[in-house]
Every structure is written in C-alpha cells, then in structure tokens.
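*Asks:* Sequence unavailable; structure follows:
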C-alpha cells in the first residue's frame with residue numbers, strides 16, 4: 001500500500017490547464033489537477049478552476065474540501081449552494097448542474113467509483 005501525501009495543498013503544482021468541456025461563459029473556465037487513481041475504486045487529488053460558468057455532471061460520488069476561492073453550484077434539482085474556502089461537500093453520484101466560479105477555486109477531492 002502506498003500512502004499519498006499532498007503537501008501544501010493551497011500551492012502545490014498542478015498539471016497543465018485544460019478548458020472545461022461545456023462552457024457557458026467566455027473566455028471558458030480552465031481546470032488544472034493532480035490526481036492519484038487507485039485500483040480499489042477511489043481517486044483522490046487536488047483540482048483548481050478559473051472563474052467562469054459551465055455545466056457538469058458528476059458521475060461518481062465525490063467528497064471535496066474547498067481550500068480557496070468562491071463559487072455557486074446550481075444543481076438541476078435542489079437549491080443553489082454557495083461554496084467558499086473551508087467548506088466541505090458530498091455530491092451524490094450523477095449530480096448535474098452549473099458551476100458559477102467567481103474566484104479561482106481549489107479543492108481536494110475523493111471520487112468513489
């Protein structure tokens with residue numbers, strides 16, 4: 001068993017930026033990530049996104065802790081969530097909605113397949 005240790009999560013280096021898949025604003029928001037995938041059905045990592053609006057379906061159950069930034073997640077079903085640094089959220093599998101990121105957002109996450 002290998003222990004994954006993400007040091008200094010607020011400033012650790014991330015991979016190259018990629019535009020979001022379904023942008024709803026221009027310029028499109030871009031994401032960067034560093035991830036460790038496990039064969040036991042779990043992935044964990046650090047994810048960051050620049051300001052913008054975009055649509056996303058979260059296929060896996062996802063727990064995340066927001067390290068920095070501010071956004072609103074508007075689920076297709078339910079009330080909008082105002083999220084800011086220090087918050088933690090558990091998204092059920094197949095959650096879909098719109099991300100409206102007002103300030104570059106960084107989170108640590110765990111995907112459960």
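*Replies:* In hand now; what should we look at? In this text the structure is predicted, and so the values were computed from the model without any measurement.
*Asks:* Check which helix or strand residue 63 maps to.
*Replies:* Residue 63 is located in strand 61-75, with elements delineated by DSSP states H and E.
*Asks:* mind listing what's buried in that strand?
*Replies:* Buried residues in strand 61-75, counted by 16 or more other CB atoms under 10 Å: 62, 64, 66, 67, 68, 69, 70, 71, 72, 73. Where you see a C-beta, it was placed from the backbone N, CA and C, and this is true even at glycine.
*Asks:* from those residues, which is closest to residue 101?
*Replies:* For the buried residues of strand 61-75, the residue nearest residue 101 by CB to CB is residue 71; the value is 4.3 Å.
*Asks:* Could I get the contacting residues of that closest one?
*Replies:* 83, 84, 99, 100, 101, 102, 103, 105 (CB atoms under 8 Å, 6 or more residues apart in numbering).
*Asks:* partner residues bridging the residue nearest to it when sequence neighbours are not counted?
*Replies:* Nearest-residue entry for residue 71: residue 101, 4.3 Å, with adjacent residues in sequence omitted and distances by CB to CB, 6 or more residues apart in numbering. Each beta-bridge partner of residue 101 is listed here, defined by DSSP bridges: residue 52, residue 71.
*Asks:* so residue 101 sits right up against residue 69, yeah?
*Replies:* Yes: the criterion here is CB atoms under 8 Å, and residue 101 meets it with residue 69 at 7.0 Å.
*Asks:* what's in contact with the helix or strand that comes right after the strand holding residue 63?
*Replies:* Sequence-wise, the next helix or strand downstream of strand 61-75 (DSSP H and E) is strand 81-84. For strand 81-84, the surrounding residues in contact (CB under 8 Å, 6+ apart) are 66, 69, 70, 71, 72, 73, 74, 75, 89, 105.
*Asks:* Pull out the buried positions in the helix or strand that strand 81-84 is followed by.
*Replies:* Next helix or strand after strand 81-84 toward the C-terminus (DSSP H and E): strand 88-91. Of the residues in strand 88-91, those buried by neighbour count under the rule 16+ other CB under 10 Å are residue 91.
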